Each structure stands twice: as structure tokens, then as C-alpha cells.
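Visitor: 3D model of this:
(4 chains)
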There are 2 protein chains.
Amino acid sequence: MSIFAGQGDAGRSMALLWAPRARATGSAPGPKPTLSVEAIVEAGIAVADADTLAGLSMRTVAQRLGRSSMALYTYVPGKAELLDLMYDRVHAEMPPARDPDGGWREAVTAWAGELWSLYLRHPWVVQVSYARPVLGPNEQAVLERLVGILYGAGLDAGTLRGTVTALFHFVRGTAQTVAEARLAATATGVSDQEWWAGRSALLGELAPDFAERFPMSARLAGETAAGHGDDSAQEPPGDEAAPYLERQMDRTFTVGLAILLDGVEAAVGREPGP
Amino acid sequence: MSIFAGQGDAGRSMALLWAPRARATGSAPGPKPTLSVEAIVEAGIAVADADTLAGLSMRTVAQRLGRSSMALYTYVPGKAELLDLMYDRVHAEMPPARDPDGGWREAVTAWAGELWSLYLRHPWVVQVSYARPVLGPNEQAVLERLVGILYGAGLDAGTLRGTVTALFHFVRGTAQTVAEARLAATATGVSDQEWWAGRSALLGELAPDFAERFPMSARLAGETAAGHGDDSAQEPPGDEAAPYLERQMDRTFTVGLAILLDGVEAAVGREPGP
DNA sequence: GTTGAACTCCTTATGGCGTAAGGTATCATC
DNA sequence: GATGATACCTTACGCCATAAGGAGTTCAAC
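Guide: Okay, the predicted model is just below:
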């Protein structure tokens, strides 16, 4: 199960991202194109959604379009650039900024929740490296919305940058955990709960001194199980849509986000706006 | 430039991680092994450090040991499991917990800083997926240290979990940014500053209306450049070890961490110890 | 000693991948 | 009709992980 983080020729990616239809003007020699960058990107997204990034190859994408793999190279420089395009395109699903009725905190919470659910709709997105940003217009818009909210809250540039980074990584990281848990569940047919049970049984065998070597971790595991084990037992058993780990991650997401925003609130209080 | 996040047979990985030397007892038929899991893992780390995860293949690792690729399969089930072992092994470099003289906040700051620099020593580590945790003893120890600090601060299990998640993802995410920036710099021979200059020049051509479409982002870019551009101009020019983006990320790391810890502090204040 | 099992390590082969190279068919223009 | 641009194809190369099976090495048991 190998996963890719693509970085192609940044210049080519940017040109495709920011400058649409180079040959839109009607008449040109040669046969009419029967494909388009857009169609290829959409096919790529469909493949990745269905099959994870490991299943994404030029061949599989082309197959979905009834073409040979080499046909794609007429439209797209290569696989890395295709991935860049897919990545940005998916961010177009993010809802636009709304009027900030409830203050910045509510706005940021909404932003984070919407990004989180976008990542869960397209789990492969969080595997794409975000380190050397080939920022396309759609991801830029997502960022713009957050930056707008935080400037509205009265942060200075330095604090804002730190906040954006922390928020972004937090959402991405937690989403990745859930995404891969889901993936593992569907791929292996083993539910989270079963998987974790098996895992800890194995660990009990291999490292019977675990609780002594790692007392704090053991305590945390115990308190987590105790605190919410009953909780989950009360759950109506028919609903399998939100398995154990997923609900726990949901809680962790909410709690972690609240902590982060408490920290931002402290910063806002310290410097009372422009 | 494709990067892998390995998840092999978790059972096999765990056995190798937690139960060392299955055949340590002296006498067994067959030729003496001239290799060892340990040696292979070390070679793998050396390859990854030098060449990124993209350059890590069974062949390259074997080559470094003067063996054929298939020889490795005697010791290690496959590439995915090897990566699991490499990942955990590297966490052994983390310094152990120290006595918390300066309170939990200082302790967490030290923890985060040390993890951050570990990630920068082995940039490939942050590309390895941490979602389905094949927790080895060394990574467990890193976690144990953090959990111990936070329990000492008086957090309850739920808050603690959220804090750990947020901290972990924050450190990892920021480190990844710097790591890949370095990588791009050495791989292409283009410095961060040059790269960004080229990038924004290209963006100015492709999207001349950027500032209108994304006013907040433009403002942030402007204020960041203004606020610290002079700062960097005052820098002694001889030192190339900490280029522009890296210093900026350092600042972002510090600021973001402070914000996060402010949030934790609020939570600590709310529930005054056990 | 000799044998046979266990073990290490090798060569070879399979089926994937991205994509370079070069061929052919299709079209607008001259 | 010829020209040249374009879309799409087939083929091939050099990677990759790893399955299969063979050759050599070392021990315990006889």
C-alpha cells in the first residue's frame, strides 16, 4: 500500500492551474481533441476516490476514458502534474465564505469542519504533499477564507501565520487518521474495533510489560476506554456508519480544535484589534 | 518524485518491532547469517537520508550491503515492513524525558523542539503515514514522554488526547514543510528565495488579478515580506545554513506552538488538577 | 563420517509502473 | 492536392516489488 505525494514541474502545473483553455479559439489544424484536461482530471479524481492513490496510474485513468495511457500526455505533462491538478480541483468543493454572524470563532470552526469533511470525501487528498505549495486557485480560495476570518479577528501577520499553519496541519492530520482507518476497514474487511482488539492482544503477547514500560500511555488507554466504553455501548447498534474509532476521532477533532481556538482567543485578547 | 507511506502486514511488523532476536540462541543448522534485521534497517535509513524515500528500493538497500535485493527477504518480509522498522528505529534518537524543572509548558516546548529537529535530520520520516499506527517501542516512548508531561499538568483524558493530536500534527506538518523545502533546494540547486521569487513572478503573469481575487492573502504576503524583509537583510550574508524560508518556518513554528500551548493553559486553568 | 534438514543467498521471471520514440490518421490551410 | 499541425496509437526501455526455485553452507542426529 504505497501512497504518492506528487510534485511535478511547478511551472507547467501553475500554467495549467491558472491559465485555462490555451487553444479555446475555434479553428486549428489537426483532428479535434476528444478529451480535455478537465475530463482527465475528473477521471483521475474518480479513480483515486474509488481506488486510493495507489490505484492511480496513467493506464487506469486512460482506461476509464477509453483511451491509451499515452493519449493523456497530449493534455497533461505527466502524472505528477495531473496530481497537482486533481488536488486543486477537489478544493473547489469547499463552500464559499459566509457572513460571519457568530464571530470569528464560529467561522473558523465552520471552516475547519467543512475542510475536514472534504478530506473525508476524498481521502487521497491528504496524502498529497503540501510542503512545496503549487497553490492553485481553488486551494488559494480556501486559504483566503481562513485568512480573512483571522484578520477580521484582529490578529497581526505573525500570529496569523502561526495560526493558519497550526489549523491547517491539525485538520489535515486528523482527517488523515480517519481516512486511513476507513480505508483499512474496507480493504481488509476488519472493523476498527476488531482491528484494535487484535492489535492490543498481539501487543499483550509481545510486550507483556507494556504497562510498566509505558505507564502514562497505559493510563490514557485505560481512561479512554473507561470513559467512553459505556457511552458506545449505549449507542443504537444498527448504525454502522460511524464506527468506534471514527467517533473517537470526531471527539478528538472537536476537543483539539477548541484548544487551538482557545489559544487564538488568548492572542486576540492580547492585541485588541487594529 | 513520489513518496511512500508504508503499511505492511501489521502483525509481522509488530513482531519484528517488539520481539527482537528470534534466533539469538547460538546453534542452528544452515550457514551463519551475514546480515541482520538491524543492519538492513540501518542501511535503509542511510539510503533514505541520502536519497529521499523515492530512492529507497530493495535494490538500493541491498546494494549498500553488497547483497542482492532478494537476500533481504530472508530477514524482512517486504519493503513496507522494512519502512515500519526504519520509522520506529529513528525515534530512538529522541532524547529521554528530563526532570520537569520549568513546568509542563517548558517541557512540552522542549519535546516539540526535539521532535522537530529529529524530523529535520530524517526528512523522510514525515512522509511515512502515521494514520494506522504500527506503534513500535521507540515511537511509543516519544508519545509516553508527552503524555506524562500533560498528565502532570493536570489534564483529563479527553483534553489530553486532543492536545496530543494537535501537537503531534503541528510538529509533523511544519517539519514537513521545511524538510521538503530543503529537499527541493538541494535537488534543483535553486534556493528557497529564488524559487519563491520565480514562483510569484510566474503567478503575477498568469494571474495579474491575484490581489483583487485574494485580497487577504495578498495582504498577508505583503505584511510578512515587509515585517521581516529588513530583518533578513540585516543578517550576515555568509551564513547559508538557514535560508529565508527556513527562518520564517522557524518563526511560524514558535508562534504556532505558543498559540497551541496558550490553549492548553486555558484548559489547565479550567480544571485545576486531579 | 555421512546424511538430511534447515538456512542463506542467488538467478530468473512476472507483471506492474511512467514515459520516450516514433508511426499513422485527421484536419485547416494554402 | 500538398503541407504541416495535432491527436492518438503501438512499441519499447528501464525501473520497481516480489514469487519461484536452485545452489551452496552448516548443523544435529545417526
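Visitor: what's the helix or strand for the residue of chain A positioned farthest from its centre?
Guide: Distance from the C-alpha centroid of chain A, by C-alpha atoms, centre = their mean, peaks at A:Pro29 (42.0 Å). Assigned by DSSP states H and E, A:Pro29 belongs to no helix or strand.
Visitor: Next up, phi/psi of it, please.
Guide: phi -70, psi 170 (degrees, to the nearest 10).
Visitor: for chain A, what spans make up the strands?
Guide: Using DSSP state E, chain A contains no strands.
Visitor: and the stretch 51-200 of chain A, which residues reach DNA strand D?
Guide: By the rule C-beta under 7 Å from any atom of the strand, the part of the stretch 51-200 of chain A lying against DNA strand D is A:62, A:67-71, A:73-75. Just so you know, the C-beta spots here come from the backbone N, C-alpha and C atoms, and that holds for glycine as well.
Visitor: Let's see the PyMOL selection covering just the buried ones among those.
Guide: Only the buried entries of these go into this PyMOL selection, using 16 or more other C-beta atoms under 10 Å in any protein chain shown:
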select buried, chain A and resi 62+67+71+75
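Visitor: and the residues of the stretch 51-200 of chain A next to DNA strand D as TSV, adding distance to A:Gly55 and pLDDT?
Guide: What follows is these, written out as TSV (distance: C-beta to C-beta, whole Å; pLDDT from 0 to 100):
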residue	distance to A:Gly55	pLDDT
A:Ala62	13	97
A:Arg67	18	95
A:Ser68	18	95
A:Ser69	14	96
A:Met70	19	96
A:Ala71	19	96
A:Tyr73	20	96
A:Thr74	23	95
A:Tyr75	21	95
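Visitor: Also near DNA strand C: which of the residues of the stretch 51-200 of chain A next to DNA strand D, exactly?
Guide: Restricting those to those near DNA strand C - C-beta under 7 Å from any atom of the strand - leaves A:69-70, A:73.
Visitor: Closest one of those residues to DNA strand D?
Guide: Comparing those against DNA strand D with C-beta to the nearest atom of the strand places A:Met70 closest, at 3.5 Å.
Visitor: got a list of what the closest one touches?
Guide: Neighbour list for A:Met70: A:Ala62 [criterion: C-beta atoms under 8 Å, 6 or more residues apart in numbering or on different chains].
Visitor: which residues of chain A fall in helices?
Guide: Assigned by DSSP state H, the helices in chain A fall at A:10-18, A:37-51, A:58-64, A:79-90, A:103-121, A:137-153, A:157-188, A:192-206, A:210-213, A:215-233, A:244-270.
Visitor: Name the stretch among these that sits most buried.
Guide: Mean neighbour count (mean count of other C-beta atoms under 10 Å in any protein chain shown) peaks for helix A:79-90 among the helices of chain A, with a mean of 24.
Visitor: okay, and for chain A, where does confidence drop off?
Guide: Flagging of chain A using pLDDT under 70 yields the residue ranges A:1-8, A:21-26, A:100, A:131-132, A:187-189, A:225-243, A:271-274.
Visitor: Neighbours of the residue lying closest to A:Ala179 once chain neighbours are set aside, how many?
Guide: Among residues not flanking A:Ala179 along the chain, A:Pro123 sits closest, at 3.4 Å (C-beta to C-beta, 6 or more residues apart in numbering or on different chains). Look at A:Pro123: counted by other C-beta atoms under 10 Å in any protein chain shown, it has 21 neighbours.
Visitor: isn't A:Pro123 right up against A:Ala50?
Guide: No: counting by C-beta atoms under 8 Å, A:Pro123 stays clear of A:Ala50, with 11.0 Å between them.
Visitor: Pipe the helices of chain A into a markdown table and attach distance to B:Leu245 per row.
Guide: Shown next, in a markdown table, are the helices of chain A (distance: least, C-beta to C-beta, whole Å):
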| stretch | distance to B:Leu245 |
| --- | --- |
| helix A:10-18 | 15 |
| helix A:37-51 | 29 |
| helix A:58-64 | 32 |
| helix A:79-90 | 20 |
| helix A:103-121 | 24 |
| helix A:137-153 | 17 |
| helix A:157-188 | 12 |
| helix A:192-206 | 38 |
| helix A:210-213 | 40 |
| helix A:215-233 | 35 |
| helix A:244-270 | 23 |
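Visitor: Around chain B, which positions in the stretch 51-200 of chain A sit nearby?
Guide: For the stretch 51-200 of chain A, the residues in contact with chain B (C-beta under 8 Å from any C-beta of the partner chain) are A:80, A:127, A:129-132, A:137, A:140-141, A:143-144, A:147-148, A:151, A:156-163, A:165-166, A:168-170, A:172-174, A:176-177, A:179-181, A:184, A:199.
Visitor: ok, which of these also contact DNA strand C?
Guide: A:Ala80.
Visitor: returning to what we had before: please name the residues that touch the residue nearest to A:Ala179.
Guide: A:52, A:175-176, A:179-180, A:182-183.
Visitor: Neighbours of the closest residue to DNA strand D within chain A, how many?
Guide: Residue nearest to DNA strand D within chain A: A:Gly30 (2.7 Å; C-beta to the nearest atom of the strand). Neighbour count for A:Gly30, taken as other C-beta under 10 Å: 5.
Visitor: mind checking how far it is from A:Thr74?
Guide: In this view, A:Gly30 and A:Thr74 are 11 Å apart by C-beta to C-beta, to the nearest Å.
Visitor: Output the set of residues of the stretch 1-150 of chain A in proximity to DNA strand C.
Guide: A:27-32, A:56-60, A:69-70, A:73, A:78-80.
Visitor: Kindly recompute the last result at 10 Å.
Guide: Residues of the stretch 1-150 of chain A lying close to DNA strand C (C-beta under 10 Å from any atom of the strand) are A:4, A:6, A:8-9, A:25-32, A:34, A:51, A:53-63, A:68-74, A:76-83.
Visitor: Please list all residues in contact with the spatially closest residue to A:Val41 that is not a sequence neighbour.
Guide: In this structure, A:Val41 finds its nearest non-sequential neighbour in A:Leu85, 4.8 Å apart by C-beta to C-beta, 6+ apart. Residues in contact with A:Leu85 (C-beta under 8 Å, 6+ apart) are A:13, A:16-17, A:37, A:41, A:44, A:76, A:136.
Visitor: try it again with 10 Å
Guide: Residues in contact with A:Leu85 (C-beta atoms under 10 Å, 6 or more residues apart in numbering or on different chains) are A:6, A:8, A:13, A:16-17, A:37-38, A:40-41, A:44-45, A:76, A:134, A:136.
Visitor: ditto for A:Glu246
Guide: Contact analysis of A:Glu246 by C-beta under 10 Å, 6+ apart lists A:120, A:177-178, A:181-182, A:185, A:192.
Visitor: Repeat the analysis, applying 7 Å as the threshold.
Guide: Shown in contact with A:Glu246 (C-beta atoms under 7 Å, 6 or more residues apart in numbering or on different chains): A:178, A:181.
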